[in-house]
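[1] Show me how the following folds:
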Amino acid sequence: ASQMPELGLNASASHAGGPLVNEAGTSGSLFTARATISWEVDLLGKLSGERKAERLDAQAAAAMLADTRLMIEAETVRTYFQARYLSLASSEASRQSALTAEATNISANRQALGLIDQASINQAYQRRDVIQHSAADLAQNRDTALRRLGFLLGDSTSPALDMGALPSAPHVPAGLPGAMLARRPDVAAAIARLEASDSRLRAAKSSWLPSFSLTASGGAASPSLGQILASSARDFGLSALLSLPIFDGGRRKAAIGGRRAERDLAAAQYRESVLAALREVNDSLGAIQARDTGFELARDRLALAESNHTIAASRAAHGLASRSAAVEAELAASELRMQELAAHHDQIAASIDLIEVLGGGW
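    Have a look, this model is predicted:
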């Protein structure tokens, strides 16, 4: 709007009287109506530079809004997979609780027959209590995650989740160009702020240059309201103004120094944003590599434990081993299944972190 002409309308009515007015002239009423239009001609680009800076400010604000949306989206996805993991882990913990209760009953029967001592049965009770407490904690954490997910989705109720296995973590391909980090909303906002501050600095420097403005006015004045529209009461004027600042006590110099400091601050913030983006991406890539390795190891250990459980269950079914051995093998496999679930969830969480620091995708 600073580059557009400005139109103003005003009207007034006044009445003057008394000794002082009578000495200077006649007393009476005066009615005026006037329209004025003024336009500062942007010959040297001062106003256009300020307009560009304000548009860049709007772009920076929009980028920060996108950054907030990205943060909420990533937190929602993160909470969703955490709730699914906790649901699966809680189900597995309930299974462990039932197995430890069976193992404790077997140990109690053996202790009653004098086959094991009191210390062994005490350890069995202690292990059962620990697993039951862990199952209760997992169930509580699952409910908390579901309520948080409902909050992030804008709902007061806990959503229903798919109880199937966790999906494979998305694979981000290698060799992505570093320039794509400019897609990140925070980096885009820093770029817009830097360009805006540079544009304001150039506009401040142009304040020493001459300015040129055009003004036109027209109206009417009459001592009688009924005569204000008469041709004899009308007047019209057109003026052009060229102004050049010579001395202002250092005001413009101080303003230029302030704009230069703002530009230097925006440049430092831009460098900080880029370095932070590079660090976060490198950290996320390292975390994904570690999580992938941890998940592969957990899956291999689980495969061996499930094989041992299958053998122990078969031996128990054919009378070659006790039920206690089969239960212990199943408990060992269940514990490694919990570790595999945790490793899988960590792998997915690391992928979500990488996608977020890449700006929401690739």
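[2] For the stretch 201-350 of the chain, which segments count as helices?
    Taking DSSP state H, counting those that start in this stretch as the criterion, the stretch 201-350 of the chain contains helices spanning 251-317, 323-357.
[3] and of these, who's closest to Ala62?
    Taking Cβ to Cβ, helix 251-317 is the member of the helices of the stretch 201-350 of the chain nearest to Ala62, at 16.1 Å. Backbone N, C-alpha and C define where each C-beta goes, glycine included.
[4] what residue lies at the spatial centre of this structure?
    Centroid-nearest residue in the chain, with Cα atoms, centre = their mean: Thr68, separated by 2.4 Å.
[5] Make sure Arg51 is actually in contact with Met4.
    No - if you go by Cβ atoms under 8 Å, Arg51 and Met4 don't touch, sitting 10.5 Å apart.
[6] picking that back up, would you turn the helices of the stretch 201-350 of the chain into TSV with distance to Ser199?
    Below are those laid out as TSV (distance: least, Cβ to Cβ, whole Å):
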stretch	distance to Ser199
helix 251-317	9
helix 323-357	29
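[7] quick one on the thing from earlier: in terms of packing, which of Arg51 and Met4 has more residues around it?
    Between Arg51 and Met4, counted using other Cβ atoms under 10 Å, the more crowded position is Arg51 (17 against 9).
[8] Mind giving me the packing neighbours of the helix or strand hosting the more buried one?
    Taking DSSP states H and E as the criterion, Arg51 maps to helix 46-112. If you count contacts as 3 or more Cβ pairs under 8 Å, 6 or more residues apart in numbering; DSSP states H and E, helix 46-112 packs onto helix 118-152, helix 185-205, helix 323-357.
[9] Okay, Glu6 and Ala35: tell me how far apart.
    Separation of Glu6 from Ala35 (Cβ to Cβ, to the nearest Å): 11 Å.
[10] again, but for Phe247
    Separation of Phe247 from Ala35 (Cβ to Cβ) stands at 35 Å.
[11] These two - which one has more neighbours?
    Ala35 (14 against 7).
[12] Give the closest residue to the more buried one in space, chain neighbours not counted.
    Closest residue in space to Ala35, ignoring its immediate chain neighbours: Leu9 at 5.3 Å, by Cβ to Cβ, 6 or more residues apart in numbering.
[13] Residues contacting the helix or strand encompassing that neighbour, please?
    Assigned by DSSP H and E, Leu9 falls within strand 6-16. Under the criterion Cβ atoms under 8 Å, 6 or more residues apart in numbering, residues 27-39, 225 lie in contact with strand 6-16.
[14] let's see it at 10 Å
    Under the criterion Cβ atoms under 10 Å, 6 or more residues apart in numbering, residues 21-22, 24-40, 215-217, 219-221, 223, 225, 228 lie in contact with strand 6-16.
[15] Mind listing what's buried along it?
    Neighbour counts over strand 6-16 (16 or more other Cβ atoms under 10 Å) mark no residue as buried.
[16] same deal with stretch 229-245?
    By 16+ other Cβ under 10 Å, the buried positions in stretch 229-245 come out as Ala233.
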